Structure formats: structure tokens, C-alpha cells
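A.B. asks: give me the fold of what follows.
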Amino acid sequence: MDSDPTIQKMARLLEIGATMLAEPCKNCGTPLFRYHGEMICPACSEISGISSPSASGASSLKNAPVAVSAMKPAVRRQDPASASPSPAEPGPRRSEQKEGSEKKYDEYESVRAHFVPENAQDLRDLLLTKVASLAEDIQDEKDPRRIAEYFDLIEKGLILVEKMNNMS
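C.D. replies: Alright, predicted model coming up:
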């Protein structure tokens, strides 16, 4: 990460869920951020309330380094490639799981709990089910890196299915 403290503050604000605005700070020109109804400049620590902030809340945010580091971090999402639901509990489908208007991407459905394929056909069916599930999940994805990860996983799954077909 860049060593510039302003960039670090900006990154921290984005991590905790602040919104970067198109409007620059009138004092220094740095992009303003909106967090809990207040506009914050990470460079010069200028704070202006969009809605009337409480005096105690505004005074506690005046110290920019403390304010940025003291704010609650947002919940991070896992990458689909590294997400691993517990084998004993199938997770809900991604399309059924919502938090507010935002979908959570950190749990994926297990095909069956404690499922062990008994033969090559069962394993092939399991792989095809997973590939189909990934193809369904990719429909709503906007992040190009995650889309590329999905494509890599789908390709690997199809290669395995093809190898299994060639073995029989």
C-alpha cells in the first residue's frame, strides 16, 4: 500500500463503508467522503454535516487520524475461490441470502452434507452441479477479478469432467 497518509486514510474510509464523493474539499481539493451523514476530508480533517450532527460526534471526528482509525470496520467479503462452507452444514444459496439490499457472497451451497461419491458417475454429476452453480453465480457478479476467478474454476471443472469422460 502507498505510504502517503492521506491515501491510507482514504483507503480506510472506503474499507469501513464510507462513500467517495465526486465533490472535492474546498480547502485542499482532496475528494470528500460521506460517512454516517457527514462529509469528511481525509487530508485536512475538515468535517461538514449533511444532516445536523451531534456536537459530541462532530468533535470526536475532528481528529482525522483517530477518527478514521476509530470507526467500525465493515464486514469483509470472501473471494468465491477461497470461500469454504463447513461440510456439515450446507450454506444458503447466494441468491437467497440478503443483508439489506446487498447480497452476501461469503457462503455457498454445498451439494449435500457429507456427500462422498461412490463411483465415477456420481463424481462427474457432482462436478457438473458445481460448474452449473458457478455459472449461475457469475450472472450477478460485477467485479472483473471475481468473474475471472469464476471462469478459471468453471474451466478447471470442465477439464476434470472431460478427463473423466475420456477414462471411461
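A.B. asks: can you give me the helices in this protein?
C.D. replies: 5-15, 55-61, 64-70, 120-137, 144-167 (DSSP state H).
A.B. asks: and residue 46, how many neighbours does it have?
C.D. replies: 17 (other C-beta atoms under 10 Å). Placement of C-beta: from N, CA and C, glycine included.
A.B. asks: typo on my end, it should be residue 144
C.D. replies: Using other C-beta under 10 Å as the criterion, the residues surrounding residue 144 number 8.
A.B. asks: kindly reformat the helices of the chain as JSON lines containing mean pLDDT and distance to residue 44.
C.D. replies: Putting these into JSON lines (pLDDT from 0 to 100; distance: least, C-beta to C-beta, whole Å) gives the following:
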{"stretch": "helix 5-15", "mean pLDDT": "87", "distance to residue 44": "9"}
{"stretch": "helix 55-61", "mean pLDDT": "39", "distance to residue 44": "13"}
{"stretch": "helix 64-70", "mean pLDDT": "39", "distance to residue 44": "8"}
{"stretch": "helix 120-137", "mean pLDDT": "86", "distance to residue 44": "43"}
{"stretch": "helix 144-167", "mean pLDDT": "89", "distance to residue 44": "33"}
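A.B. asks: ok, now which ones touch residue 19?
C.D. replies: For residue 19, the residues meeting the contact criterion (C-beta atoms under 8 Å, 6 or more residues apart in numbering) are 33, 34, 35.
A.B. asks: hmm, 7 Å instead?
C.D. replies: Neighbour list for residue 19: 33, 34 [criterion: C-beta atoms under 7 Å, 6 or more residues apart in numbering].
A.B. asks: buried stuff in stretch 147-164?
C.D. replies: Burial within stretch 147-164, assessed by neighbour count using 16 or more other C-beta atoms under 10 Å, is assigned to 149, 150, 153, 154, 157, 160, 161.
A.B. asks: any idea which of the helices of the chain gets closest to residue 23?
C.D. replies: Closest to residue 23 of those, according to C-beta to C-beta: helix 5-15, at 14.3 Å.
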